[in-house]
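A predicted structure for the sequence below; I have some questions about it.
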Amino acid sequence: MNIRYSFLLFLFWLPLGAWAQGPMPVSRQLNFCGQPYTAPVGCVAVTEHELACEDAQLSWVYLDFKDYRALGEEYIAQVRRGLKGVHQEPATFYLLGNEVKGYKLTYKNFNGLAYRLVACSVVNGQPLVIQLTTPTDPVSNAAIPAFAQQFVRVSK
């Protein structure tokens, strides 16, 4: 396996350990496609590209234009292989108001069911892979935590 793919997978699995922990204080700023954001109360900015909250996790990795599609699809395949009993379905959602095609993954974890929206796309001229993990099925915007709705929405 290419070391770049392994590193990408590691970066996205890292925040899952924080989900099981208790309340977290705000610690850092976030930067999404050049825009600064402050982590809300009850969440921690693990890095400027990763937010861990009690009810959700949001993370993204910027990619090079030349290989962002291949890396994004490989990442999604690795996530699917790393989860037992995962159900994958195509999903359309919005990143900063731009429609993207991605996947909704449903799987069991230690708290019951978890849902992950994941996509590889270009947002504001920047190729990236983004994922939102939540214990609530994101069938509507109301099911997505308020702070995450600034980035990810299931309808306009």
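Looks like it came in fine. Numbering: from 1, shown residues only.

Which helix runs longest in this protein?
Across the chain, the longest stretch assigned as helix under DSSP state H is helix 68-82.

Tell me where the model's unsure across this structure.
Along the chain, the parts satisfying pLDDT under 70 run over 1-27.

check which helix or strand covers the residue nearest in space to the middle of it.
Nearest to the mean C-alpha position of the chain, by Cα atoms, centre = their mean, lies Q131 at 1.6 Å. Taking DSSP states H and E as the definition, one finds Q131 inside strand 126-134.

now the residue nearest to the centre of the chain: how far from A148?
For Q131, the distance to A148 equals 11 Å [Cβ to Cβ, to the nearest Å]. C-beta here means a position set from N, CA and C on the backbone, and glycine is covered the same way.

what is in contact with those two at once?
Listed contacts common to Q131 and A148 are L58; contacts here mean Cβ atoms under 8 Å, 6 or more residues apart in numbering.

sorry, back to before: return the residues in contact with the residue nearest to the centre of the chain.
F12, Q57, L58, S59, W60, V79, R116, L117, V118.
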